[in-house]
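**Q** Build me a structure from this.
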Amino acid sequence: MNNKFKNKILLVTGGTGSFGNAVLQKFLKLGLKEIRVFSRDEKKQDDMRKFYNNKKLKFYIGDVRDSQSVDDVMKNVDYVFHAAALKQVPSCEFYPLEAVNTNIIGANNVVNAGIQNKVKKIIFLSTDKAVYPINAMGMSKALMEKLIISKSRNLNNKDTILCATRYGNVMASRGSVIPLFFEQLKKFNYITITNPKMTRFLMSLEESVELVLHAFEKGKNGEIFVYKSPATTIENLAKAIIKLSKINGKIKYIGTRHGEKLYESLVSQEEFFNTVDNKKFYKIAPDNRNLDYDKFFSKGISKVFRESYNSHNTQQLNVKEVIKKIRSLKSFDYKKYV
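**A** Predicted coordinates:
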């Protein structure tokens with residue numbers, strides 16, 4: 001892996017977010033010649049510049065929605081990790097066109113600029129909400145995945161490689177529920193949850209970075225990679241945080257929010273036909289059939305559907321196990337809330 005990146009240039013779009021930051025910390029150790037951080041947030045870029053104080057880091061102000069700024073930052077780049085996105089479900093529900101512009105049009109700009117500039121590989125960040133999507137955020141990410149697969153059909157693995165990583169909830173990342181629960185408890189002495197039986201995958205930032213590295217190492221055109229993650233109920237998560245905080249708080253039930261599902265899926269039933277189990281990971285191969293449906297109808301293959309891989313049927317963590325998982329997080333210090 002180190003030789004792959006040695007003296008190469010990496011671009012991280014959305015590099016000032018928590019996910020971009022986590023990836024950055026890992027890649028700074030891999031012998032890269034230069035890492036370009038591309039985002040709209042000049043304040044966070046300035047904070048990062050001062051925090052890291054590393055000559056390998058170069059900062060670029062721009063927006064993935066603007067094809068010219070994406071093309072400009074892509075010059076001489078070898079690898080791209082595309083993390084720029086609108087990822088908050090409620091905000092995407094109220095502003096769906098903004099989700100389209102960033103998550104689909106923005107991704108298309110990255111694809112086109114990458115191919116034009118002969119980038120070796122681009123890894124796109126996707127989400128479990130792209131599987132059986134019911135909200136604007138998930139729908140926009142699902143279409144981003146379809147876009148990647150569509151574009152990759154015209155490429156071979158000697159050209160630019162386009163593949164994706166699909167995540168569940170990344171614990172304690174910006175906008176995630178864990179810091180919110182701790183803050184609620186400290187301020188109001190209670191935690192608000194929607195449906196107590198709602199389950200979500202639990203994945204650390206470190207595990208998410210491991211998935212990115214795996215995709216960079218193994219990914220071929222059109223493939224989507226999934227990290228096998230445990231899950232828990234929202235109620236168990238709230239109880240774990242109450243125990244960790246040592247505050248005698250309560251749980252209030254407020255009902256399901258806009259665009260929420262009872263459980264999330266990382267691999268659909270249909271995708272399992274093209275999925276390879278690689279121990280810690282699933283690799284979903286693209287469906288590269290053409291539009292000659294008659295051929296596939298007359299020469300079909302009988303396959304048995306299996307259940308989707310979702311947050312209800314993966315390993316379920318109890319309260320004690322959730323506490324252990326939160327304590328193990330290197331990127332989040334829960335003790336500051338105690």
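
**Q** for the longest helix along the chain, which positions count as buried?
**A** When the chain is scanned for its longest helix (criterion: DSSP state H), the result is helix 136-152. Of all the residues in helix 136-152, those buried under the rule 16 or more other C-beta atoms under 10 Å are 136-145, 147-149, 151-152. For every residue, glycine as well, the C-beta is placed using N, CA and C.

**Q** Please work out which residues outside stretch 102-117 touch it.
**A** With contacts defined as C-beta atoms under 8 Å, 6 or more residues apart in numbering, stretch 102-117 is touched by 13, 63-67, 70-71, 74-77, 80, 82, 84-86, 122, 124, 137, 140-141, 143-144, 147-148, 151, 155, 159-160, 162.

**Q** buried residues in it?
**A** Result for stretch 102-117 [16+ other C-beta under 10 Å]: buried residues 102-111, 113-115, 117.

**Q** Likewise for stretch 38-47?
**A** Applying 16+ other C-beta under 10 Å to stretch 38-47 flags 38, 39, 40, 44, 45 as buried.

**Q** May I have the distance across it, first residue to last?
**A** Start-to-end span of stretch 38-47 (C-alpha to C-alpha, to the nearest Å) is 14 Å.

**Q** and what of stretch 274-286?
**A** End-to-end distance for stretch 274-286, by C-alpha to C-alpha: 7 Å.

**Q** And for stretch 156-165?
**A** Terminal residues of stretch 156-165 are spaced 19 Å apart (C-alpha to C-alpha).

**Q** Can you tell me what sits against it?
**A** 111, 114-115, 118-126, 144-145, 148, 151-152, 155, 208, 211-212, 215, 219-227.

**Q** same thing with stretch 260-267?
**A** Contact with stretch 260-267 is made by 89, 128-129, 131-132, 134-135, 166, 168, 194-195, 197-201, 226, 229, 231, 275, 282, 284, 308-312, as judged by C-beta under 8 Å, 6+ apart.

**Q** Try it again at 6 Å.
**A** Defining contact as C-beta atoms under 6 Å, 6 or more residues apart in numbering, one finds that stretch 260-267 is touched by 128, 131-132, 134, 166, 198-199, 226, 275, 282, 308-312.

**Q** can you name the two of the residues you listed that are farthest apart?
**A** Distances among the contacts of stretch 260-267 were taken as C-beta to C-beta; the most separated pair is 198 and 275, at 25.3 Å.

**Q** so where do the helices sit in the stretch 1-150 of the chain?
**A** Along the stretch 1-150 of the chain, the stretches classed as helices by DSSP state H, counting those that start in this stretch are 2-5, 18-27, 42-52, 67-73, 89-94, 96-99, 106-116, 136-152.
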